[in-house]
Structure formats: structure tokens, C-alpha cells
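>>> Quick one, what's the 3D model for this:
(one chain, ligands or ions: 3)
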Amino acid sequence: MSINTLVLGLQWGDEGKGKIVDALSKDIHAVCRFQGGHNAGHTIKVNNQQTVLHLCPSGALHPNVQCVIGNGVVLSLEALDKELKGLEDLGVSFKNRMHISNACSLILPSHIAIDKVRDKEESIGTTGRGIGPAYEDKVARRAVRFGDLGNIDILKDKVTTLVNYHNKILTNLYGAENFAIDEVLETLNKYKYLYDNYSSDVQDVIYAWSKEDKSILFEGAQGSLLDIDHGTYPYVTSSNTTAGGVSTGTGVGPKFIDKIVGISKAYATRVGEGPFLTELFDENGSMLADRGHEFGATTGRPRRCGWLDLVALKKAVFLNSVTDLCLTKLDVLDAFKSIDVCTAYDEDDLPIFKSFPGWMSETEGISEFDQLPENAKSYIKFIESFIECSISIVSTGPSREQTIYIS
Ligand code: GDP
Ligand code: IMO
Ligand code: MG
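Ligands and ions are numbered 1, 2, ... in the order given. Now for the predicted structure:
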């Protein structure tokens with residue numbers, strides 16, 4: 001019997017989705033991205049080699065796993081070309097196993113320029129990858145789509161209209177440089193091989209696999225608190241990062257998913273601006289950053305660190321219909337004498353914490369729940385009972401095998 005699984009982040013991204021998707025991909029037929037773009041940075045560690053994926057689904061390192069980029073993704077051809085070539089240099093082949101939706105909106109160089117000049121004023125702290133402007137054009141029905149690469153006349157018309165519009169914004173509002181339409185077209189044509197090799201009707205492909213009883217995994221990017229509707233607006237990304245995004249972003253109905261794995265770190269991090277109620281500014285915060293190597297996988301920016309917010313986590317479990325919680329980076333807490341979690345907010349919206357004694361011993365690499373120190377077990381059990389969802393995976397290190405599966 002096939003089981004279709006969704007894996008998504010429940011915080012502000014970087015929860016360890018890449019590691020977990022890779023670990024779960026062993027028995028999976030296909031891994032599909034359904035939203036976001038190359039703002040994502042998903043890290044996988046196999047045989048001591050670290051790979052960071054931005055667009056390519058995190059099942060890619062398993063040679064028999066099919067890779068899908070659904071219509072909900074905003075696609076930079078330049079970023080995809082670079083990523084696929086980098087992986088091919090490592091011996092990863094995409095022949096007959098990459099499927100990209102013709103309905104993906106493209107990120108043009110002018111989207112990136114607009115994102116960068118605008119963020120100087122708006123201070124969201126975006127990744128500067130053109131994500132917001134590309135989604136704006138999608139919703140405004142003027143996007144150039146991946147499938148347009150198949151018809152040079154349509155492509156030329158659409159690119160001309162869109163880049164002319166971007167040039168008006170860039171020059172009139174920001175006094176920035178214009179883009180030459182010919183050059184944009186030339187660049188897009190350089191990557192036409194991606195269309196020739198991988199363009200696909202993703203919904204048809206998934207439908208056919210489902211008829212063959214194949215198991216499919218959907219990989220979220222970013223996290224629930226960065227969702228355009230349900231996150232800490234306006235300090236969010238521009239897509240639905242939550243469970244509903246799978247349906248709109250690939251063309252499957254909500255009941256297609258059997259299992260929803262929500263990932264949370266054993267603490268909290270955020271990169272970019274915006275509220276973070278449990279953020280730490282003391283030596284505990286620096287220790288989390290140091291021990292967790294908390295630097296962005298896409299931009300290299302330091303991540304802000306703090307304690308786990310169980311009130312927000314419980315909401316995210318409901319918001320996504322999470323069936324299984326995965327707690328990552330437990331090992332980062334190994335050196336803390338005491339560990340706090342937020343269990344409520346006071347009338348001024350300040351977090352109220354409950355303290356747990358630390359375990360002060362090494363959990364890195366432990367792969368059996370019974371081998372965890374008692375205080376670590378108590379910490380995990382408290383989280384489980386508070387959020388009313390069972391924890392079925394605990395991650396104790398960045399590598400595939402540093403994982404506890406609890407049945
Ligand atoms: P993603 O965006 O959710 O895929 O997460 P990132 O890859 O951006 O960030 C997670 C970071 O934590 C990466 O450097 C991973 O290698 C690392 N990581 C994942 N799980 C664990 C874990 O259990 N313990 C430790 N120490 N590191 C982990
Ligand atoms: P993964 O998939 C962490 C944040 C940015 C910024 C906000 C908007 O690796 O978890 P955007 O460029 O999307 O318009 O930026 O969202 N952000 C992420 N933070 N992990 C990510 O992806 C992120 N993708 C975007 O820092 O605050
Ligand atoms: Mg990341």
C-alpha cells in the first residue's frame with residue numbers, strides 16, 4: 001500500500017527539512033517541491049559530505065527517486081541550471097527523473113533587482129532572490145511561465161511586456177538601472193534545455209504514479225510562521241508554506257496526503273526581521289547559535305536563536321493537520337544546564353517559560369529512544385503531551401543515520 005507523506009517546517013524555516021526528507025526518501029518513489037523557490041536552503045549530509053539544495057527536491061541524492069517541481073514553485077532557471085550542474089558534477093544524474101511543471105512562474109533578473117532595492121526600504125530582510133516580486137506577478141496574471149519557453153513568439157511578447165513594466169518600477173520608483181529585453185530573452189534561451197528535457201504536466205505524472213500505487217513525498221520549504229496568510233505578516237515569505245500549499249502547488253486534493261510530518265527544532269531560530277517572542281540575547285542564545293551552527297544555508301546570515309515556543313507550535317500542528325511531529329537538533333541542547341520552553345503568554349504578550357533540567361551528556365548520533373538520557377526523554381514527553389501530537393522522529397545530528405524513529 002502506498003503512503004503519501006507531506007514534510008513541512010512548523011517554525012520560521014531551517015528546521016532540518018532537507019535532512020528529514022532525505023532520510024525518509026529511501027522507500028519513496030518521488031519527492032515534490034510545491035511552493036517557494038531558491039530562497040530555500042535544505043542541507044543534506046551523507047557519508048560526511050554536505051550538500052545544500054535550493055530548488056531540487058531533497059530526495060535527489062537517492063538515484064532512483066523521481067524529482068518534481070510543482071506549479072506553486074517560482075523558478076529561477078539560472079539557479080536551477082547552476083544547482084543541477086553542481087549535482088551532476090558530483091555524479092548525480094537527472095536523466096528521466098526530473099519533472100518541472102509548465103505552470104511554474106519564472107523569476108527573471110528584474111524580479112531580483114526589484115526585491116533587493118525594495119527590501120532596503122521595507123526591511124523584511126528577504127533572501128534577495130526575487131521571490132516576492134515573482135509571486136506578485138503571478139497573482140497579477142502577468143507572469144512568464146516555464147511552459148512559455150516552448151513558444152518563442154509568446155515568450156518574446158510576455159517578456160517584453162513584463163520587463164518593460166519592471167523597468168518602469170526600477171527607474172521611476174527607485175532610480176535603479178533598466179534591464180535590456182534582448183539580454184533577458186537571450187539568458188532565458190540559454191536555459192531552454194531545461195524546458196526541452198524536463199517540462200511536464202506534473203498533475204498527470206502524479207496521477208499516473210498514484211494509479212501504480214507509488215508512494216510520494218511532498219517537501220515544504222520555509223516554515224508555517226513564514227506563511228503569507230498564517231505567518232507573522234508582513235514578516236513572511238510570499239507563498240503558502242502550510243499544508244494547503246500542496247494542493248494548490250501540485251494539483252492533488254487534500255485527501256491525497258496520508259501522513260503529515262511537521263518538523264520543529266528542539267529550540268527556535270529565525271533569519272531576517274520580524275517578531276520572535278522567545279528570542280534570547282544572552283549567553284544561552286550565543287550557545288544555541290554556536291552549537292547549532294546557526295547560519296543561513298542560502299544567505300549565510302546569522303540566525304536569531306531562542307527557546308521553543310510551544311504555544312506557537314501547538315497552533316502550527318492544528319494549522320497543518322500534523323499527524324507526526326519530528327523534533328530536530330536535540331543534540332544542540334546537550335550542553336545546557338537548564339532548558340526553557342514557552343507554555344503561555346502574559347497579558348503583555350510576553351512569554352511565560354517552564355524550565356527543565358538539562359541532561360549535560362552527549363546525545364549526538366543516538367538512534368534508539370531508550371538510549372537517550374532520562375532528562376531528554378522527559379523534555380520530549382512534555383512537548384508531546386503539550387502539543388497533543390505524537391513525536392515519531394527525533395534527530396540527533398545532521399547525518400541520515402543520526403535519527404531516532406519511534407513507532
Ligand atoms: P531546512 O531548510 O529545514 O532544510 O534546514 P537547513 O538545512 O537550512 O538548516 C538545518 C541545519 O541543521 C543544517 O545545517 C543541517 O545539517 C543541520 N541539522 C539538521 N538536523 C540536525 C540535528 O539533528 N542536529 C544537528 N546538530 N544539526 C542538524
Ligand atoms: P528554508 O526552506 C529561513 C525568510 C527570509 C525573510 C522572509 C522573506 O531553508 O527553511 P523571501 O526571500 O522569501 O521573500 O524572504 O523569509 N526566509 C527563510 N528563512 N529559511 C528559509 O527557507 C527561508 N526562506 C525565506 O529570511 O525573513
Ligand atoms: Mg534552510
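
>>> For the rest of this, base every contact and every neighbour count on C-alpha atoms.
Fine.

>>> Please give the number of neighbouring residues around the nearest residue to K116 once chain neighbours are set aside.
Among residues not flanking K116 along the chain, G128 sits closest, at 5.3 Å (CA to CA, 6 or more residues apart in numbering). Here the number of neighbours of G128 (other CA atoms under 10 Å) works out to 19.

>>> Isn't G128 up against I112?
Yes - in this structure, G128 is within contact of I112 by CA atoms under 8 Å, at 6.2 Å.

>>> Okay, buried residues for the helix ranked longest in the chain please.
Taking DSSP state H as the criterion, the chain has its longest helix at helix 152-168. Residues of helix 152-168 classed as buried by neighbour count (16 or more other CA atoms under 10 Å): 155-156, 158-160, 162-164, 166-167.

>>> do stretch 273-293 as well
274, 276, 278-280, 284-289, 292.

>>> try stretch 356-364
Buried-residue list, stretch 356-364, by 16+ other CA under 10 Å: 356, 358-359, 362-364.

>>> With distance to H62 added, can I get those in a markdown table?
Putting these into a markdown table (distance: CA to CA, whole Å) gives the following:
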| residue | distance to H62 |
| --- | --- |
| F356 | 39 |
| G358 | 37 |
| W359 | 35 |
| E362 | 30 |
| T363 | 27 |
| E364 | 24 |
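
>>> what mean pLDDT does the longest helix of the chain have?
Mean pLDDT, helix 152-168: 98.

>>> which other residues reach that helix?
110-111, 114, 142-144, 148-149, 177-179, 181, 184-185 (CA atoms under 8 Å, 6 or more residues apart in numbering).

>>> Mind listing what's buried along stretch 12-28?
Buried residues in stretch 12-28 (16+ other CA under 10 Å): 12-25, 28.

>>> now, among these, which is nearest to N64?
For N64, the nearest member of these is I28. The distance, counting by CA to CA, is 9.0 Å.

>>> And the residue nearest to the closest one when sequence neighbours are not counted, how close does it get to ligand 3?
Leaving aside its chain neighbours, I28 sits nearest to S215 (5.4 Å; criterion: CA to CA, 6+ apart). The gap separating S215 from ligand 3 is 25 Å, by CA to the ion, to the nearest Å.

>>> Do you know the pLDDT at S215?
S215 carries a pLDDT value of 98.

>>> Correct me if wrong: it contacts A30.
Yes - taking contacts as CA under 8 Å, S215 lies within contact range of A30: 7.1 Å.

>>> Same drill for these two, tell me which one is more crowded.
Relative neighbour count places A30 above the other of S215 and A30, with 24 against 19, counting by other CA under 10 Å.

>>> partner residues bridging the more buried one?
Per DSSP bridges, the residues bridged to A30 are Q66, I216.

>>> got a list of what the spatially closest residue to S123 that is not a sequence neighbour touches?
Among residues not flanking S123 along the chain, E273 sits closest, at 7.1 Å (CA to CA, 6+ apart). E273 makes contact with 123-125, 235 under the criterion CA under 8 Å, 6+ apart.

>>> How about the residues of this structure by ligand 3?
For the chain, the contact set with ligand 3 under CA under 5 Å from the ion comprises 14, 41-42.

>>> Restricting to the residues you listed, which residues neighbour ligand 1?
Taking CA under 6 Å from any ligand atom as the test, ligand 1 is in contact with 14, 41-42 out of the residues of the chain next to ligand 3.

>>> Now, the residues you listed that are in strands?
Secondary structure assignment (DSSP state E) places H42 from those within strands.

>>> Spell out whether stretch 54-71 and ligand 2 are in contact.
No - Stretch 54-71 stays clear of ligand 2 (CA under 6 Å from any ligand atom), getting no nearer than 7.6 Å.

>>> Mind listing what's buried along that stretch?
54-61, 64-71.

>>> and what of stretch 139-156?
In stretch 139-156, counting by 16+ other CA under 10 Å, buried: 142-149, 155-156.

>>> Just put the residues you listed in a markdown table and tack on secondary structure and distance to S93.
Output for the buried residues of stretch 139-156, formatted as a markdown table (DSSP: H, G, I helix; E, B strand; the rest coil; distance: CA to CA, whole Å):
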| residue | secondary structure | distance to S93 |
| --- | --- | --- |
| R142 | coil | 34 |
| A143 | coil | 30 |
| V144 | coil | 28 |
| R145 | strand | 25 |
| F146 | helix | 21 |
| G147 | helix | 23 |
| D148 | helix | 25 |
| L149 | helix | 23 |
| L155 | helix | 29 |
| K156 | helix | 31 |
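
>>> from the residues you listed, which is closest to ligand 2?
Set against ligand 2, the nearest of the buried residues of stretch 139-156 by CA to the nearest ligand atom is A143 (16.9 Å).

>>> Alright, that wraps it up for me.
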